[in-house]
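Asks: dropping the sequence and predicted coords here.
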Amino acid sequence: MTVALPSLALALLCLLWAGAEVPVQPDFDTEKFAGMWYVTAMASNCSVFLKMKDGMKSSITTISFTPEGDLAMKLVWPLLDKCQKFELLFQQSRQAGHYVWSAAQEKRDLLVVETDYGHYAILHEAHHSETEPSTALQLLTREQDVSPQLLQKFMELVPTMGLTKDMLAILPESDQCTKAIS
């Protein structure tokens with residue numbers, strides 16, 4: 001279990017850092033977007049994610065925005081017998097719906113590609129790094145249950161982002177961490 005935690009953290013970092021010219025939701029509205037979401041499907045070329053994807057379950061993320069407009073994300077991932085929490089803060093870029101994180105030799109972009117605010121959102125992450133650049137696409141839903149039409153839409157988007165079907169994980173529902181999100 002203790003070996004799995006660093007791997008999970010690295011997988012999450014890979015997932016949350018993946019933008020070439022990726023479209024961003026027009027007229028992005030932070031107030032409508034804030035709140036609780038379930039991560040129900042994702043695709044990534046991150047090597048750590050690819051090793052772990054078959055054992056992952058649906059997770060919960062709560063998104064809020066600081067007064068400065070930065071995106072604060074709290075994630076809770078179900079592990080074997082516990083819930084692992086992560087908190088991330090992305091700075092607002094000049095474009096609404098595009099957020100960035102920077103450190104010494106890496107940059108991470110988070111883009112809200114598409115959302116209807118009430119049912120689903122598709123996020124694109126790009127991790128620009130000298131060691132292992134990666135791309136990820138996530139399907140967030142307000143309910144854990146995802147419609148076949150929405151799942152199909154997400155699966156059709158995966159190859160347009162340079163990812164392949166074998167990099168895709170449809171995450172099984174889990175209520176293991178619902179109480180841990182608060």
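Replies: Received, thanks.
Asks: CA only for contacts and neighbour counts going forward, please
Replies: Fine.
Asks: nearest residue to the residue nearest the centre of the chain other than its sequence neighbours?
Replies: Nearest to the mean C-alpha position of the chain, by C-alpha atoms, centre = their mean, lies residue 138 at 4.8 Å. Of all residues beyond its chain neighbours, the one nearest residue 138 is residue 42 (4.3 Å), with distances taken as C-alpha to C-alpha, 6 or more residues apart in numbering.
Asks: contacts only, for that neighbour.
Replies: By C-alpha atoms under 8 Å, 6 or more residues apart in numbering, the residues touching residue 42 are 136, 137, 138, 139, 168, 169, 170, 171.
Asks: again, only this time at 10 Å
Replies: Contact partners of residue 42, counting by C-alpha atoms under 10 Å, 6 or more residues apart in numbering, are 15, 49, 53, 58, 122-124, 136-140, 154-155, 158, 167-171.
Asks: then residue 89?
Replies: Applying C-alpha under 10 Å, 6+ apart to residue 89 gives the contacts 63, 64, 65, 66, 70, 71, 72, 73, 74, 99, 100, 101.
Asks: so which of those residues sits lowest on pLDDT?
Replies: Of all the contacts of residue 89, residue 101 carries the smallest pLDDT score, 87.
Asks: by contact count, what packs against the helix or strand containing residue 113?
Replies: Per DSSP states H and E: residue 113 is located in strand 106-115. In terms of contacts (3 or more C-alpha pairs under 10 Å, 6 or more residues apart in numbering; DSSP states H and E), strand 106-115 is packed against helix 30-33, strand 83-92, strand 98-103, strand 120-129, strand 134-141.
Asks: wait, which of the ones you listed is closest to residue 112?
Replies: strand 120-129 (4.7 Å; C-alpha to C-alpha).
Asks: strand partners of the closest one, parallel vs antiparallel please.
Replies: Strand 120-129 has the following sheet partners, assigned by DSSP bridges: strand 106-115 (antiparallel), strand 134-141 (antiparallel).
Asks: weakest of those by average pLDDT?
Replies: Among the strands paired with strand 120-129, strand 106-115 scores lowest, at a mean of 93.
Asks: ok and that strand relative to strand 98-103, angle-wise?
Replies: Angle, strand 106-115 to strand 98-103, by axes from the mean of the first three to the mean of the last three C-alpha atoms, to 10 degrees: 160 degrees.
Asks: got the CA coordinates for strand 106-115 in CSV?
Replies: C-alpha atoms of strand 106-115 as CSV (Å, rounded to 0.1, in the frame of the first residue of the first chain):
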residue,chain,number,x,y,z
GLU,A,106,8.0,22.4,-16.2
LYS,A,107,4.7,24.0,-17.1
ARG,A,108,1.2,22.5,-16.8
ASP,A,109,-1.9,23.7,-18.7
LEU,A,110,-5.4,22.8,-17.7
LEU,A,111,-8.1,23.7,-20.3
VAL,A,112,-11.9,23.3,-20.1
VAL,A,113,-12.5,22.1,-23.6
GLU,A,114,-16.3,21.8,-23.3
THR,A,115,-19.0,21.8,-20.6
